[in-house]
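In: with the input below, show me the fold.
(4 chains)
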2 protein chains.
Amino acid sequence: MSGASPISSERRERLLNTAAALFARWGFDKTSVDDIARETGISKGAVYLEFPSKDALFMALLHREFGRHAAEWLRRFEQDHGDWSFARMIQHSLAAMNTNPFVKAIMTRDKRLLGSFLRRDTELLKDTISARTELFARLQEVGAIRDDIPAQTLAFLMTSISFGLISSDDFIPDEHKVPFDDGVRALGLLLDRGLAAETPGDPEAAREIIIQITEKMRTALASPP
Amino acid sequence: MSGASPISSERRERLLNTAAALFARWGFDKTSVDDIARETGISKGAVYLEFPSKDALFMALLHREFGRHAAEWLRRFEQDHGDWSFARMIQHSLAAMNTNPFVKAIMTRDKRLLGSFLRRDTELLKDTISARTELFARLQEVGAIRDDIPAQTLAFLMTSISFGLISSDDFIPDEHKVPFDDGVRALGLLLDRGLAAETPGDPEAAREIIIQITEKMRTALASPP
DNA sequence: GGTTGACCGATTGAATTCTCTCGGTCATGT
DNA sequence: ACATGACCGAGAGAATTCAATCGGTCAACC
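Out: Next comes the predicted model:
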C-alpha cells in the first residue's frame, strides 16, 4: 500500500492545516489537491504518500476537527468553575460547535463547504447522536435529569434544536436576529429547569459522566473507522 | 385596474383550491398558470381576471393558508379540554404547522415547493416572529411565563427550534428518527417546566391572551399587505 | 360585460460540444 | 528511499445553440 504512514508525520499535520484553511475558505469542490500541495510547499505526489485519496484527506480532517471540537467542549466545561448546570454544558457544546466550521458544516449539511462530498454519508452525525443518547441515558440513571422522556427522544430533540440554532443565521430575518450567545444562554436557562429531575441527584456524578462520555466521544470521533 | 374583484368570488376560491393542489404537488416553478386554469376548468385569461400575476396568486394562496393555519391552531387549542399548559399550545402550533405544506415550506424555506419564488421575500415569516414576540411579552406581563428572558429572545429561540424540528425529517439519519408527535410532545414537556414563571399567574388570563393574539395573527396573516 | 384562447416576446432549460481542470499514477531525478 | 511533476483519462462545467414553454396581453367572440 502506498500512502499510509500510520504515525501522523509532521508533514501530514501541515497538510491538514493548509487543507483546513483552504476547504473552509473555498469549499470541498473548489479546492484542488494541487492547491493544497502547493500551499503546503510540497508536490501533489507527496500528498498521496500521506493520504490515499482526496476524500480520505477530507475525512481525516473531519475526524481531526470533530476530535478537536469535543476537546474544546471538554476544556470549556472543565474550566468552568461556576455552578454545574445543564445550561452550561449546552452552552459549551453549542458554542464550541458554532466555532468549528467543519463540525458546523456536517451538522447543518452545509452545501457550500461540503459540496459533492455530501453524497458520501459520514458516520459522524450518527455517532454524535448516539453519543448524546448514551449521555442522556447515563444522566437519567444517576438521576441527574428527568427520566420521563426516553433518552433517544431527548437526543433527537437536542440535535434538532442545535440544528435550528446553528442554522438560524441563514433564515431568521435580520431584524429578528439575536446574538448567538444570547440564544444559547436562553436555551440553557430553559433546559436547566426543563430537564431537571424531580428529585435532584448527585451533581458531581453528573459532571463526571459528562466528562467521561465526552472524552469517549472525542477518541471515537477523532479516529477514522 | 384589471384583476381585482375585491370580494372573493366562488371562482377565485376554486382557483386557489386547484392551485394549492398543483403547487403542493409540483412546486411553484413546475406549475404553470395554464395548468391551474385548465385544471380549474376556465381559461388562462380568466385567471388574470382574478389575480394580476402568478406571484400575486401564490401570495394570495400563502395568505389563505397562513390564515387557515392560525385558525387550525386556534381550533385545536380551544377544543383541548385537558389542563391548560404551554406544552399543549406548542404542540398544537407545531402540529398544525407540520400539517400545512405551505406554512411548512415558508418556515423551512423549502426550495422544492417555493422554487424561484424564494427570491421574493415575504413578510410572512417576519410577521409570525413578531406575533410570537408579542405573545411572549404579553404572557410575561400577566406572569404566565418566566420574564428573565427577553420576549424577543424567546421568539427567536422558538422559531429556531421549530425550524429544527420541522426540518428534522431531512437531516436526521433514519435510525435516529423519532415520530414527529413524540418529539413535539417531549418539547412540550421541556418547555412546560422550562418556561414556567417562578410564581404562577392566572392560567385563564394566559389562555385568553393566547386566543386573542392567535386570532389577531390569523386576520393579519390572512389578508395581503 | 364577461370570457376565451391565439398570440407575443422573454426566459428557460435541454442538447450538444468542447475545453480544461482535476484526481490519481508512475517513470524519473535527487 | 523519497519526492517530484509530467502525464493520463475521466468528467465537470463553460459556452453556445435552439426549441419549447410560460407569463401576460388583447382582439374577437359569446
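In: near DNA strand D, which residues of chain A show up?
Out: Neighbours of DNA strand D within chain A, by CB under 7 Å from any atom of the strand: A:11, A:29, A:42-46, A:48-49. (C-beta placed from N, C-alpha, C; glycine too.)
In: nearest to B:Ala70, of the residues you listed?
Out: Sorting the residues of chain A next to DNA strand D by distance to B:Ala70 puts A:Asp29 at the head of the list, at 42.4 Å, by CB to CB.
In: which SS class is the closest one?
Out: coil (DSSP: H, G, I helix; E, B strand; the rest coil).
In: ok, now how distant is it from A:Phe23?
Out: Relative to A:Phe23, A:Asp29 is positioned 10 Å away (CB to CB, to the nearest Å).
In: okay, the two: which has more neighbours?
Out: Using other CB atoms under 10 Å in any protein chain shown as the criterion, A:Asp29 and A:Phe23 rank with A:Phe23 on top: 27 against 14.
In: now the more buried one: closest residue in space, sequence neighbours ignored.
Out: In space, A:Phe23 comes closest to A:Thr31 once its chain neighbours are excluded; the distance is 5.3 Å by CB to CB, 6 or more residues apart in numbering or on different chains.
In: tell me who's in contact with the residue nearest to A:Phe51 when sequence neighbours are not counted.
Out: With CB to CB, 6+ apart as the criterion, A:Phe51 has its nearest non-adjacent residue at 4.1 Å, and that residue is A:Leu57. Listed by CB atoms under 8 Å, 6 or more residues apart in numbering or on different chains, the contact set of A:Leu57 reads A:15-16, A:19, A:33, A:36, A:47, A:50-51.
In: if we use 10 Å, what do you get?
Out: A:3, A:12, A:15-16, A:19, A:23, A:33, A:36, A:47-48, A:50-51 (CB atoms under 10 Å, 6 or more residues apart in numbering or on different chains).
In: go on, A:Thr159?
Out: By CB under 10 Å, 6+ apart, the contact set of A:Thr159 is A:107, A:125, A:128-129, A:132-133, B:164, B:168, B:171-173, B:176, B:178.
In: please state the offset of the helix or strand harbouring it from the chain centre?
Out: Per DSSP states H and E, A:Thr159 falls inside helix A:151-171. Chain-centre distance of helix A:151-171: 13 Å, with CA atoms, centre = their mean, to the nearest Å.
In: picking up where we left off before, among the contacts of A:Leu57, which pair sits farthest apart?
Out: Among the contacts of A:Leu57, A:Gly3 and A:Phe23 lie farthest apart (CB to CB), at 18.7 Å.
In: for the residue nearest to A:Phe23, what are phi and psi?
Out: Per-residue torsions, A:Thr31: phi -110, psi 120 (degrees, to the nearest 10).
In: ok, it to chain B distance?
Out: A:Thr31 sits 24 Å away from chain B, going by CB to the nearest CB, to the nearest Å.
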